[in-house]
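Visitor: here is the input, now give the coordinates:
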Amino acid sequence: MLDKLKIFYKRIYEASVPCVVLMVQGQIFTLTPKHILIALKTGMLTGTFAVILSFIPLLKKHYDNKIILAFVIFACTTSADLLTHPTHFGGATTEALVTGLGAVSIFLGVKYASRYKS
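Guide: Take a look at the predicted model:
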């Protein structure tokens with residue numbers, strides 16, 4: 001149970017941060033509570049997707065593989081972003097794809113940074 005909560009929590013911040021930054025197109029001072037709520041909704045949906053996928057035996061046994069996990073994070077975040085709000089730039093899927101890449105970047109950055117604790 002705790003491992004599922006850990007999966008949920010991590011996917012929330014990995015998806016919410018790039019979502020909120022891209023929604024305001026990097027202009028953090030224009031951020032409103034509505035933006036934050038939409039980003040949290042995207043993060044929670046991403047976390048829910050990731051927890052559901054963690055019950056699939058084929059994926060569960062490969063959850064330690066950072067490449068497979070990065071793909072899962074990308075797919076979950078992109079799907080959640082598409083479902084929660086319309087795009088704010090580019091085509092219909094551009095923002096969702098960039099948000100997915102942002103979530104993977106945060107995941108990989110935290111993964112590599114945690115390897116070099118002093």
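
Visitor: buried set for stretch 85-103?
Guide: 85, 87, 95-103 (16 or more other C-beta atoms under 10 Å). In short, each C-beta sits where N, CA and C put it, glycine included.

Visitor: ends of that stretch, how far apart?
Guide: 17 Å (C-alpha to C-alpha, to the nearest Å).

Visitor: so for it, what's the average pLDDT?
Guide: The average pLDDT for stretch 85-103 rounds to 87.

Visitor: stretch 22-40 too?
Guide: 89.

Visitor: buried residues in that stretch, which are they?
Guide: Residues of stretch 22-40 classed as buried: 22-23, 35, 38-40 (neighbour count, 16+ other C-beta under 10 Å).

Visitor: before we move on, the earlier item: reformat the buried residues of stretch 85-103 as JSON lines; add distance to Phe74 and secondary structure.
Guide: Formatted as JSON lines, the buried residues of stretch 85-103 follow (distance: C-beta to C-beta, whole Å; DSSP: H, G, I helix; E, B strand; the rest coil):
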{"residue": "His85", "distance to Phe74": "18", "secondary structure": "coil"}
{"residue": "Thr87", "distance to Phe74": "17", "secondary structure": "coil"}
{"residue": "Glu95", "distance to Phe74": "14", "secondary structure": "helix"}
{"residue": "Ala96", "distance to Phe74": "10", "secondary structure": "helix"}
{"residue": "Leu97", "distance to Phe74": "9", "secondary structure": "helix"}
{"residue": "Val98", "distance to Phe74": "11", "secondary structure": "helix"}
{"residue": "Thr99", "distance to Phe74": "9", "secondary structure": "helix"}
{"residue": "Gly100", "distance to Phe74": "4", "secondary structure": "helix"}
{"residue": "Leu101", "distance to Phe74": "7", "secondary structure": "helix"}
{"residue": "Gly102", "distance to Phe74": "10", "secondary structure": "helix"}
{"residue": "Ala103", "distance to Phe74": "7", "secondary structure": "helix"}
